[in-house]
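Student: coordinates for the following, if possible.
(chains A, B, C and D)
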Protein chains: 2
Amino acid sequence: MKLINQLSKETGIPIGTIRFYEKTGLFTGEKKEEVKTNNYVYYGDDVVEKLRFIQMAKAVGFTLAEIKEVVDAWYKKQISKKAKIQVLDKKLLQIEEKIKELKSVKKQIAICKFNIENENIENADETIISGGRPFDLPPY
Amino acid sequence: MKLINQLSKETGIPIGTIRFYEKTGLFTGEKKEEVKTNNYVYYGDDVVEKLRFIQMAKAVGFTLAEIKEVVDAWYKKQISKKAKIQVLDKKLLQIEEKIKELKSVKKQIAICKFNIENENIENADETIISGGRPFDLPPY
DNA sequence: GTGAACTATGCAGTATACTTCATACTTGTT
DNA sequence: AACAAGTATGAAGTATACTGCATAGTTCAC
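Tutor: The predicted structure follows:
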């Protein structure tokens, strides 16, 4: 069992943010009954996994509320199996959508790069170029 | 050339948000010189493309500041070719990273779904289940 | 046993991305 | 002409996700 500082070191997430996530209900630590002198909170390895999941899900544009839906579907009792599967299926669809959007963004940036690389070839790489679109490619 | 209302209808982005994006410097419309009675702003088809790009880039977790970097690399004069390519290459790397993260999140959700589907098989689909992890699969 | 480092709690403040509101002028319809 | 609907501008308000600060108690190294 880890204290919050170790959790922070293992994930790279600031302590304040971890506390914020816990307050948001994304996970919970536990106070040790045998320790009476303080009220330090201990976290299991599952919390590290959750934090990594949160990091990635956030990086691809999911909100904490959306992430919480998934976490609840996984951990919460009192949610029917049917409801849980529904939530997860919805997320899987959203992920497919995001993958499509990512590919589209990637393609547009690649085209953009191609255009820049092929305009004003006579100028050196530090030259200030004048913009414009030399080829009949779509914008972006 | 379109007015802001048409732009909104074509993209599904609220007028207020479009104005906000323009104020942020993501694109600009143009006032028509020949029209003297008002100061309506007109937008070209490129703005529609930009708005769609912004929508997608936002959906996969890019901030407006990051999106602006790309837009500036594409449209701004006074940025060297080298600097533009640098920005775009950085974005392409970020996108690869996001694709990896998306796949990881997808996998974890799929495992989560599998676990839920295979626990308490004897119960009907409306049953309140008690949680727990019946198989030795990693959390998420 | 003293000081540095760690922990808990609560509340205020910040950044980002909108969203609403108020005001005022313009355009299109009847 | 009247009135709904559209447009511009600026400022204030909101939601999300932190971030920092102040306070206070705890643990650890020396």
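
Student: residue numbers of chain A in contact with DNA strand C?
Tutor: Among all residues of chain A, those adjacent to DNA strand C (criterion: CB under 7 Å from any atom of the strand) are A:3-6, A:15, A:19, A:29, A:38-41. Any C-beta I mention is one placed from the backbone N, CA and C, and that applies to glycine too.

Student: same thing but at 6 Å, please
Tutor: With the criterion set to CB under 6 Å from any atom of the strand, chain A comes near DNA strand C through A:3-5, A:19, A:39-41.

Student: for those residues, which two are the farthest from each other?
Tutor: When CB to CB is used, the two most widely separated members of those are A:N5 and A:N39, lying 15.5 Å apart.

Student: right, and A:E10 touches A:V47 too?
Tutor: No. With contact defined as CB atoms under 8 Å, A:E10 does not count as touching A:V47 (9.7 Å).

Student: now, of the residues of chain A next to DNA strand C, which are buried?
Tutor: Among the residues of chain A next to DNA strand C, the ones that count as buried by 16 or more other CB atoms under 10 Å in any protein chain shown are A:4, A:41.

Student: where exactly do the strands run in chain A?
Tutor: In chain A, the strands defined using DSSP state E lie at A:30-31, A:41-42.

Student: hey, which of these is tucked in deepest?
Tutor: Most buried of the strands of chain A by mean neighbour count (mean count of other CB atoms under 10 Å in any protein chain shown) is strand A:41-42; its value is a mean of 16.

Student: list of residues touching that strand?
Tutor: A:1-4, A:29-32 (CB atoms under 8 Å, 6 or more residues apart in numbering or on different chains).

Student: hmm, try it at 6 Å
Tutor: A:1, A:29-32 (CB atoms under 6 Å, 6 or more residues apart in numbering or on different chains).

Student: is chain B contacted by stretch A:94-109?
Tutor: Yes. Part of stretch A:94-109 sits near chain B under the criterion CB under 6 Å from any CB of the partner chain, namely A:95, A:98-99, A:101-102, A:104-106, A:109.

Student: center of chain A - which residue?
Tutor: In chain A, the C-alpha closest to the average C-alpha coordinate belongs to A:K58, at a distance of 2.3 Å (CA atoms, centre = their mean).

Student: need the residues of chain A near DNA strand D, please.
Tutor: Remark: the part of chain A in contact with DNA strand D comprises A:14, A:16-17, A:20, A:35, A:37-38, A:58, A:63-65, using CB under 6 Å from any atom of the strand.

Student: weed out the non-buried ones from the residues you listed.
Tutor: Applying a neighbour-count criterion of 16+ other CB under 10 Å, the buried members of those are A:58, A:64.

Student: could you identify the most distant pair in the residues of chain A next to DNA strand D?
Tutor: Spatial extent of the residues of chain A next to DNA strand D (CB to CB) is set by the pair A:T37 and A:T63 at 38.8 Å.

Student: would you turn the residues of chain A next to DNA strand D into TSV with distance to B:E69 and pLDDT?
Tutor: Listed next are the residues of chain A next to DNA strand D as TSV, based on distance: CB to CB, whole Å; pLDDT from 0 to 100:
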residue	distance to B:E69	pLDDT
A:P14	25	98
A:G16	28	98
A:T17	25	98
A:F20	28	98
A:V35	49	90
A:T37	51	93
A:N38	47	95
A:K58	20	98
A:T63	23	98
A:L64	25	98
A:A65	28	98
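
Student: same list, the residues of chain A next to DNA strand D, but as a markdown table with distance to A:D89 please.
Tutor: Output for the residues of chain A next to DNA strand D, formatted as a markdown table (distance: CB to CB, whole Å):
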| residue | distance to A:D89 |
| --- | --- |
| A:P14 | 33 |
| A:G16 | 34 |
| A:T17 | 29 |
| A:F20 | 29 |
| A:V35 | 42 |
| A:T37 | 47 |
| A:N38 | 43 |
| A:K58 | 21 |
| A:T63 | 19 |
| A:L64 | 21 |
| A:A65 | 18 |
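
Student: which ones among the residues of chain A next to DNA strand D lie within helices?
Tutor: A:16-17, A:20, A:58, A:64-65 (DSSP state H).
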